[in-house]
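>>> Show me how the following folds:
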Amino acid sequence: MPIIKSAIKQMKKSLVRRERNLPLKSKVKTVFKTNLDLINEGKLEEAKQQLTRTYKVIDTAVKKNLLHKNTASRRKSRIAKAIRVLEEKTSK
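All right, here's what the predicted structure looks like:
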């Protein structure tokens, strides 16, 4: 436990920020994983519908500085690529 006054305040701020950030971080992971699961199951239409929601959640996390913009870009491109691959498989 911190002894110095400023360290105590910093710890309190850290806990408040953690409580504020955890739900969105969890949502980002859940939405990303849900979309990948849909793609792996071969549900193309559902995955496309989920794609816009995934993008929205990821962009919100970037806006709130929970994810770096390059990390968000990488995740979005991976999902888009997986959907593109699935489209090619189903069109054959």
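>>> C-alpha only now, for contacts and for neighbours.
Will do.
>>> Next up, identify which helix or strand Ala80 is on.
Element membership of Ala80 [criterion: DSSP states H and E] is helix 69-91.
>>> who touches that helix?
Around helix 69-91, the neighbours that count as contacts under C-alpha atoms under 8 Å, 6 or more residues apart in numbering are Asn35, Leu36, Ile39, Gly42, Leu44, Ala47, Lys48, Leu51, Tyr55, Ile58, Asp59, Val62.
>>> mind checking pLDDT for the nearest residue to the first one once chain neighbours are set aside?
This means Asn35. If the residues on either side of it in the chain are set aside, Asn35 comes closest to Ala47, at 5.7 Å by C-alpha to C-alpha, 6 or more residues apart in numbering. Listed pLDDT for Ala47 reads 94.
>>> Double-check Ala47 against Glu41; I have them as touching.
No. Shown here, Ala47 and Glu41 do not form a contact pair, counting by C-alpha atoms under 8 Å, at 9.6 Å.
>>> higher neighbour count, the two?
Remark: of Ala47 and Glu41, Ala47 carries more neighbours, 24 against 11, as counted by other C-alpha atoms under 10 Å.
>>> how about that one, phi and psi?
Listed backbone geometry of Ala47 is phi -70, psi -40, with angles given as degrees, to the nearest 10.
>>> what about Lys12, distance to Leu22?
Taking C-alpha to C-alpha, to the nearest Å as the criterion, Lys12 is separated from Leu22 by 16 Å.
>>> Equivalent analysis for Ile3, please.
With the distance defined as C-alpha to C-alpha, Ile3 ends up 27 Å from Leu22.
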